[in-house]
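> my questions are about this predicted structure, shown below with the sequence.
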Amino acid sequence: MLRFVPRASRIVSRNVINRRTAIMEGAAAVKLGVVAVGAVAGWALYSSLSTGGVDYDAIRKDIAENYLDDMDWDDGSWGPVFIRLAWHASGTYCKTAGDGGSDGATQRFRPESHIGANAGLEHARRKLEPLKAKYPEISYADLWILAANTALEEMGCGKIPFTPGRTDAADGSTCPPDGRLPDGDKGASHVREIFGRMGLNDQEMVVLIGGGHAIGRCHTDRSGFDGPWTRAPTTFSNEYFREILDNTWSYRNWNGPKQFQDPTGDLMMLETEMSLRTDPEFRKYSEIYKNDYARFEKDFINAWVKLVNLGR
């Protein structure tokens, strides 16, 4: 299991190019590689943001210092569920219909708030309510994305460019239809259908799945699935790709939905994710990201920024 390290001890100086080694118990350390130069340069853009009377730097600092670390929540961090909140808010975009996406923060309303794919995200929304009350000038839509960006950065990702200006819908009349978020029990064609609807290509699909699932875990009371993907669920890394390609996976024998487990029984993978190993095009990118952290981080940041800005 990962030994959780308090935020002050986990933050690595942004002037240091070589990443520190993630600290784990019962597993080999994950070498995190080299920081992408472009991501570091993005900090200058990010750090000066104060637009329309909103001090985004102050909000980001508040998130980092007061809304992430919590030893009573999952693996000691709210970061993974903030990232899932932003992902599910953004991933509803449809390029054909021209609706959905992060703008509007429609997940606050029924029916979107109660669809199966968003089970458990009420905890993340509720957690951020005091911050919204403290900074009423920021929209929910911007707050959710800023919280996710901050979480990714605090867990080791390079600086993520943040463009504010999202607005909040007044009610649920513009909620996107159910069925736009991925299911965990389907294959490569489903992945391409879901992400392709947003306008993302194979490379972007692979890097977003690998980056997003390098952290956090599944819960039986939310998705029905159970367990983490890596042994460092609060560290942003390319470890997911090493696990899915180099580890051994078999179906878990349990009273739950179909999922894979490694020989230790500690880690899991979903049916959908195994396509990153079995589909030739997906595997090509998985191999690249497994062996090149700098490329992985750079491509993840680019794909993430594209995802959270869809439909704006």
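Received it, and whenever you're ready, just let me know what you need.
> ranges for the helices of the stretch 51-200 of the chain?
56-66, 79-90, 121-127, 129-134, 140-154, 188-198 (DSSP state H, counting those that start in this stretch).
> count of neighbours near Lys61?
Neighbour count of Lys61, defined by other Cβ atoms under 10 Å: 12. C-betas here are computed from N, CA, C, even on glycine.
> next: Ala170.
Applying other Cβ under 10 Å, we find 9 residues neighbouring Ala170.
> still on that earlier bit, now the helices of the stretch 51-200 of the chain as CSV including distance to Arg108 and mean pLDDT?
Listed next are these as CSV, based on distance: least, Cβ to Cβ, whole Å; pLDDT from 0 to 100:
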stretch, distance to Arg108, mean pLDDT
helix 56-66, 18, 98
helix 79-90, 10, 98
helix 121-127, 7, 98
helix 129-134, 10, 98
helix 140-154, 6, 98
helix 188-198, 21, 98
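> Ile209 is nearest to which of these?
Closest to Ile209 of the helices of the stretch 51-200 of the chain, according to Cβ to Cβ: helix 188-198, at 7.6 Å.
> which elements pack onto that closest one?
For helix 188-198, the elements it packs on are helix 202-212, helix 275-278, judged by 3 or more Cβ pairs under 8 Å, 6 or more residues apart in numbering; DSSP states H and E.
> those: which one's closest to Tyr289?
helix 202-212 (5.8 Å).
> beyond the closest one, next helix or strand please.
Using DSSP states H and E, the helix or strand that follows helix 202-212 in sequence is strand 217-218.
> wait, Asp266 touches Trp229, no?
No. Counting by Cβ atoms under 8 Å, Asp266 stays clear of Trp229, with 10.5 Å between them.
> quick one: which of those two has more around it?
Between Asp266 and Trp229, Trp229 has the larger neighbour count (other Cβ under 10 Å), namely 24 against 14.
> and the helices in the stretch 201-312 of the chain, which stretches?
Secondary structure of the stretch 201-312 of the chain (DSSP H, counting those that start in this stretch): helices at 202-212, 239-246, 275-278, 280-291, 293-308.
> nearest to Asp75, of the ones you listed?
Judged by Cβ to Cβ, the one of those that comes nearest to Asp75 is helix 239-246, at 14.2 Å.
> buried sites along that closest one?
239-244 (16 or more other Cβ atoms under 10 Å).
> and it, average pLDDT?
Computed over helix 239-246, the mean pLDDT rounds to 98.
> mind exporting the C-alpha coordinates of that helix to CSV?
Output of helix 239-246 as CSV, limited to C-alpha atoms (Å, rounded to 0.1, in the frame of the first residue of the first chain):
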residue,chain,number,x,y,z
GLU,A,239,2.8,3.7,-13.8
TYR,A,240,-0.6,2.7,-15.1
PHE,A,241,1.0,1.7,-18.4
ARG,A,242,3.6,-0.4,-16.8
GLU,A,243,0.9,-2.2,-14.8
ILE,A,244,-1.4,-2.9,-17.7
LEU,A,245,1.3,-4.0,-20.1
ASP,A,246,3.8,-5.8,-17.8
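> so which elements touch it?
When contacts are defined as 3+ Cβ pairs under 8 Å, 6+ apart, helix 239-246 packs onto helix 202-212, helix 275-278, helix 280-291.
> same list (those helices) but as a markdown table, adding mean neighbour count and mean pLDDT.
Listed next are the helices and strands packed on helix 239-246 as a markdown table, based on neighbours: other Cβ atoms under 10 Å; pLDDT from 0 to 100:
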| stretch | mean neighbour count | mean pLDDT |
| --- | --- | --- |
| helix 202-212 | 23 | 98 |
| helix 275-278 | 19 | 98 |
| helix 280-291 | 17 | 98 |
